[in-house]
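**Student:** this is a predicted model, with the sequence first.
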Amino acid sequence: PQMKGAKFLFVVGGFASSNYFQMRLKQEFKFYRHLSVVIPDKPGLCVVDGAARYGLERNFVKIRRLAKSYGVICNCAKSTLDLSKFPAGYAAKNTYYEKKTANV
């Protein structure tokens, strides 16, 4: 309700570099006609730039809506996926953490 009048959704940080995440985000929000999803060319750099500016000037950030960020875990091994359905190199570019588990 508080964000009902939002016109822009700026997505920054490491996870915003994921092509899959960008695709899914745009799919989920495509029906919100008055909302534009904005992803800069280097979303990780935006975080660094913002942190530096905040360090130099504490009142640089006027409003902070989200106090924390969240990650997602996929509960399947890459070996169980049909990687032929993805573009070449897609899985390698979008894998950020692989937990080593014993095969049961």
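**Tutor:** Alright, I've got the coordinates. Residues are numbered from 1 along each chain as shown.
**Student:** spatially central residue for this structure, please.
**Tutor:** Centre of the chain computed as the mean C-alpha position; nearest residue by C-alpha atoms, centre = their mean is Ala16, 3.0 Å away.
**Student:** pretty sure it sits against Asp41.
**Tutor:** No - if you go by C-beta atoms under 8 Å, Ala16 and Asp41 don't touch, sitting 10.7 Å apart. The way it works is simple: take the backbone N, C-alpha and C, and place the C-beta from them, glycine included.
**Student:** for the residue nearest to the centre of the chain, which non-adjacent residue is closest in space?
**Tutor:** Closest residue in space to Ala16, ignoring its immediate chain neighbours: Pro43 at 3.7 Å, by C-beta to C-beta, 6 or more residues apart in numbering.
**Student:** residues in contact with the one you found?
**Tutor:** When contacts are counted by C-beta atoms under 8 Å, 6 or more residues apart in numbering, Pro43 touches 11-14, 16-17.
**Student:** of those residues - the most surrounded one?
**Tutor:** Sorting the contacts of Pro43 by how many neighbours each has (other C-beta atoms under 10 Å) puts Val12 first, at 20 neighbours.
**Student:** distance from the longest helix seen in the chain to the middle of the chain?
**Tutor:** For the chain, the helix reaching the highest residue count under DSSP state H is reported as helix 43-56. Using C-alpha atoms, centre = their mean, to the nearest Å, the mean C-alpha position of helix 43-56 is found 16 Å from that of the whole chain.
**Student:** who's in contact with the following helix or strand past that helix?
**Tutor:** Later in the chain than helix 43-56, the nearest helix or strand by DSSP states H and E is helix 90-93. Outside helix 90-93, the residues that touch it by C-beta under 8 Å, 6+ apart are 19-20, 78, 81, 83.
**Student:** show me where pLDDT drops low in this protein?
**Tutor:** Along the chain, segments meeting pLDDT under 70 span 1-3, 61-76, 93-104.
**Student:** cutoff 90 now
**Tutor:** Confidence mapping of the chain against pLDDT under 90 gives the ranges 1-17, 25-44, 46-104.
**Student:** need the max-distance pair from the contacts of Pro43.
**Tutor:** Val11 and Gly14 (11.1 Å; C-beta to C-beta).
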